[in-house]
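In: Turn this into a model:
(2 chains)
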Number of protein chains: 2
Amino acid sequence: MGVVSRNWIYAKKFVGEPTNENFRLTEEELPPLQDGEFLAQAEYLSVDPYMRPYMSRFPEGSLMIGGQIAKVVESKNVAYPVGAKIFGQFGWRTHTVYNPKKAENEQKPYVLPDLGSLPSSLGLGVLGMPGNTAYFGLLELCTPKEGETVVVSGAAGAVGSIVGQIAKLKGCRVIGIAGSDDKCQWLKKLDFDHAINYKTENVLEELKKAAPKGIDCYFDNVGGSITESVMRLMNLYGRISVCGTISNYSTGPIKVQDPQTDFVFKQLKMEGFIVTRWQDRWMEGIRANLDWIKEGKLQYEETVTNGFESMPKAFMGMLKGGNTGKAIVKVE
Amino acid sequence: MGVVSRNWIYAKKFVGEPTNENFRLTEEELPPLQDGEFLAQAEYLSVDPYMRPYMSRFPEGSLMIGGQIAKVVESKNVAYPVGAKIFGQFGWRTHTVYNPKKAENEQKPYVLPDLGSLPSSLGLGVLGMPGNTAYFGLLELCTPKEGETVVVSGAAGAVGSIVGQIAKLKGCRVIGIAGSDDKCQWLKKLDFDHAINYKTENVLEELKKAAPKGIDCYFDNVGGSITESVMRLMNLYGRISVCGTISNYSTGPIKVQDPQTDFVFKQLKMEGFIVTRWQDRWMEGIRANLDWIKEGKLQYEETVTNGFESMPKAFMGMLKGGNTGKAIVKVE
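Out: Below is the predicted model of the structure:
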């Protein structure tokens, strides 16, 4: 009898906020390895905002998508030796038989770089997709310059917290927008110049105070009314990097003031992106963030949920903003 | 007694659509020329959409802003000799005493290039600001590639009609959106692949038919609900050049669906611009359009209103879409 993987299935189409009914836990007996394949056992799994809108494109009955840090426990592929810690876009499953050659449209699994004494779970956060999202999305699309003012929404999340710190490293004034006083206090500890609690404060008025010279760069994780407020204070030739729109993943798009007028007079530039466009520079981003961590210049936080059976709970909690830093699940 | 200029004054703040009450015709006796100055007599004046939002920033009593083609009739400046035909951002006035050295924040007046047998009025349209707006705004920000689908709104206007033709010259499929059947017929004559009358047709449905492969580039002159429809059909890595938002100049911004979600998944890029950012390449744009005209590859139309006293009428008519091609006023 082969290895049995536990898998979380997209049981029912998302309507509004996800609930337990959207997920179903199943078991799957895996086949013996063929040449070129390896067997990976999940140690940490990622729950990320993008999963909400992406899954909507899949039929019911699909495996939930997502990345994981796994250990290779059996291998017929020399590039993935037994014992290696790897990142793989395997989905919500405890065990995976995988042939990298057959994965054409996905991100190929890769062996984690040497993280020294750092936990391998960082490969799902600051040293993985979210860290690279922050690194490339900020530096390549916002191109922040010393002395400029940078605003980041979803600032206490896996991506936003890194964005703000990198902007500080580049000599910018940084304002974070987050959803609780605890998160705002944490942002201050991360050396953010100002933090706004959008649930209790007037975002536009607070931004006016915190950004007296206007806003040059905006890294947007949320969309909606927060973005509408930020847009009103953008400076001439401002740059907006649109990473996510978590505010509407479960509600559908809201109506906002047509942004085009400001776009013309302020000559703004706005660009949406998915981080895999920098696939060929992936390790550059990870190395840069790793170096900053080793130098004590980049802090990270993880919100860990224990147990594979808790994947839906961790996912739903993250969508509601329950996490500070990266939300992950430890398999145990 | 000196030369007397007739001037149109911004008499009363715009509220909604401009009316005759917003304007006042005055006379001004001009002083004798000082060293470095010249006296210019207007031949053609421009009425452009941008004047509506720009004037809102000026106090009542200001001269109406705008460009004109004028003849130098007296000069104490060798760069502007008597008889020269020049473009100047002099405002709505028949006569101007001007010292280019004292004009720091404005576009400097320049002697028109040799237009051969073409009318000098083109210096206000296809061979001036609108032509350059089309040339640079399309080629630099939308970067259309052969075989791509380009949509232009305000397509029968001074800028839009040139945008569409340049896109055709670059080998694109071009769809124009305009406000009358006559305009749409004219666009077909200009070799547009498809023209949509937004006043009588369902823009989204017609776009779906006309752009079966989706939209790669959008040159936006109007904003609002037309833009909302176009955005829904943009392709991955689509580029949007935001030139103007005439749909809301008199009404104020409307609410539209928050565009951010599409921005991320389609990795769109949107940039607003004012053509003077290419000030140092100004003559490049004029020469390119002039060459295409001489080669018979670029058509233009002018909607001419006669008489300086008709400036407000021409302006109000243009804002309502009464013009095809460039709206100008002939002084006599």
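In: what's the distance between the nearest residue to A:Tyr237 once chain neighbours are set aside and B:Glu148?
Out: If you skip the residues right next to it in sequence, A:Tyr237 has A:Gln267 as its closest partner in space, 5.4 Å away by C-beta to C-beta, 6 or more residues apart in numbering or on different chains. No exception for glycine: its C-beta is placed from N, CA and C like everyone else's. Counting by C-beta to C-beta, to the nearest Å, the gap between A:Gln267 and B:Glu148 amounts to 24 Å.
In: what's the answer for A:Val3, then?
Out: Using C-beta to C-beta, we find A:Val3 at a distance of 49 Å from B:Glu148.
In: Looking at those two, which one has more neighbours?
Out: For A:Val3 against B:Glu148, the residue with the higher neighbour count under other C-beta atoms under 10 Å in any protein chain shown is B:Glu148, and the figures read 22 against 18.
In: For that one, list the residues it contacts.
Out: Each residue near B:Glu148 by C-beta atoms under 8 Å, 6 or more residues apart in numbering or on different chains is listed here: B:Cys172, B:Arg173, B:Asp216, B:Cys217.
In: Of those residues, which belong to strands?
Out: B:Arg173, B:Asp216, B:Cys217 (DSSP state E).
In: Of those, which are in range of chain A?
Out: Contacts with chain A within the ones in strands among the contacts of B:Glu148, as defined by C-beta under 8 Å from any C-beta of the partner chain: none are present.
In: List just the nearest of the residues you listed to B:Asp114.
Out: B:Cys217 (32.8 Å; C-beta to C-beta).
In: ok, the closest residue to that closest one other than its chain neighbours to chain A distance?
Out: The shortest distance from B:Cys217 to any residue other than its chain neighbours is 3.9 Å, reached at B:Cys142 (C-beta to C-beta, 6+ apart). Separation of B:Cys142 from chain A (C-beta to the nearest C-beta, to the nearest Å): 13 Å.
In: my guess is B:Cys142 meets B:Arg239, correct?
Out: Yes: the pair formed by B:Cys142 and B:Arg239 meets the contact definition of C-beta atoms under 8 Å, at 4.7 Å.
In: what touches both of these two?
Out: Residues touching both B:Cys142 and B:Arg239 (C-beta under 8 Å, 6+ apart) are B:Cys217, B:Tyr218.
In: which residues in the stretch 101-250 of chain A form strands?
Out: Listed in chain order, the strands found in the stretch 101-250 of chain A under DSSP state E, counting those that start in this stretch are A:110-111, A:149-153, A:173-178, A:194-197, A:215-220, A:234-242.
In: Rebuild these as TSV, extending it with mean neighbour count and mean pLDDT.
Out: Supplementary listing: these in TSV, determined by neighbours: other C-beta atoms under 10 Å in any protein chain shown; pLDDT from 0 to 100:
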stretch	mean neighbour count	mean pLDDT
strand A:110-111	16	96
strand A:149-153	31	98
strand A:173-178	28	98
strand A:194-197	22	98
strand A:215-220	26	98
strand A:234-242	22	98
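In: nearest to A:Ile86, of these?
Out: The stretch from the strands of the stretch 101-250 of chain A with the least distance to A:Ile86 (C-beta to C-beta) is strand A:110-111; that distance is 5.3 Å.
In: tell me which strands and helices the closest one is in contact with?
Out: Contact analysis of strand A:110-111 by 3 or more C-beta pairs under 8 Å, 6 or more residues apart in numbering or on different chains; DSSP states H and E lists strand A:85-88 as its packing neighbours.
In: Write out the residues of the stretch 1-150 of chain A neighbouring chain B.
Out: Where the stretch 1-150 of chain A comes near chain B, counting by C-beta under 8 Å from any C-beta, the residues are A:Pro53.
In: cool, the stretch 151-300 of chain A as well?
Out: Those residues of the stretch 151-300 of chain A that sit near chain B, judged by C-beta under 8 Å from any C-beta, are A:220, A:223-224, A:227, A:242-245, A:248, A:253-274, A:277.
In: Which members of those are positioned in strands?
Out: Judged by DSSP E, the subset of those located in strands is A:Asp220, A:Val242, A:Lys255, A:Val256, A:Gln257, A:Lys269, A:Met270, A:Glu271, A:Gly272.
In: Identify the farthest-apart pair in those.
Out: A:Lys255 and A:Lys269 (23.4 Å).
In: Those two: which has the busier surroundings?
Out: Using other C-beta under 10 Å as the criterion, A:Lys255 and A:Lys269 rank with A:Lys269 on top: 21 against 14.
In: Can you report how many residues lie near the residue nearest to the more buried one when sequence neighbours are not counted?
Out: With sequence-adjacent residues excluded and distances taken as C-beta to C-beta, 6+ apart, A:Lys269 is closest to B:Glu271, at 4.4 Å. Residue neighbour count, defined by other C-beta under 10 Å, stands at 21 for B:Glu271.
In: Repeat that for A:Glu21.
Out: The criterion is other C-beta under 10 Å. On that basis, A:Glu21 has 11 neighbouring residues.
In: Can you give me every residue that contacts it?
Out: A:Glu21 neighbours (C-beta under 8 Å, 6+ apart): A:Ala11, A:Lys12.
In: Determine the three-state secondary structure at it.
Out: For A:Glu21, the reduced secondary structure class is helix; criterion used: DSSP: H, G, I helix; E, B strand; the rest coil.
In: Chain B versus that one, what's the distance?
Out: The spacing between A:Glu21 and chain B, counted by C-beta to the nearest C-beta, is 24 Å.
In: again, but for A:Asn202
Out: 20 Å.
In: now whichever residue of the stretch 51-200 of chain A sits closest to chain B, nearest residue through space, not along the chain?
Out: With C-beta to the nearest C-beta as the measure, A:Pro53 is the residue of the stretch 51-200 of chain A nearest to chain B, at 7.2 Å. Counting by C-beta to C-beta, 6+ apart, the nearest residue to A:Pro53 once its immediate chain neighbours are dropped is A:Tyr249, at 5.4 Å.
In: again, but for A:Asn197
Out: For A:Asn197, the nearest residue in space outside its immediate sequence neighbours is A:Cys184; the separation is 5.2 Å by C-beta to C-beta, 6+ apart.
In: Surely that neighbour touches A:Ala178?
Out: Yes: with the criterion set as C-beta under 8 Å, A:Cys184 and A:Ala178 qualify as a contacting pair; they are 5.6 Å apart.
In: residues near A:Leu115, how many?
Out: The number of residues packed near A:Leu115 is 17, by other C-beta under 10 Å.
In: My read is that it contacts A:Asn289, right?
Out: No: contact criterion C-beta under 8 Å: A:Leu115 and A:Asn289 do not qualify, at 11.0 Å.
In: Can you check which residues contact both of those two?
Out: Residues touching both A:Leu115 and A:Asn289 comprise A:Leu127, with contact defined as C-beta under 8 Å, 6+ apart.
In: what about A:His95, neighbour count?
Out: Here the count is done by other C-beta under 10 Å, and A:His95 has 21 residues near it.
In: Could you report the pLDDT at it?
Out: The predicted local distance difference test score for A:His95 is 98.
In: Show me what the closest residue to it other than its chain neighbours is bridged to.
Out: Nearest in space to A:His95, with sequence neighbours left out and distances taken as C-beta to C-beta, 6+ apart, is A:Ser5 at 3.7 Å. A:Ser5 has the following beta-bridge partners by DSSP bridges: A:Glu28.
In: go on, A:Thr305?
Out: With DSSP bridges as the criterion, A:Thr305 is bridged to A:Val329.
In: gap between it and A:Arg52?
Out: Counting by C-beta to C-beta, the gap from A:Thr305 to A:Arg52 is 17 Å.
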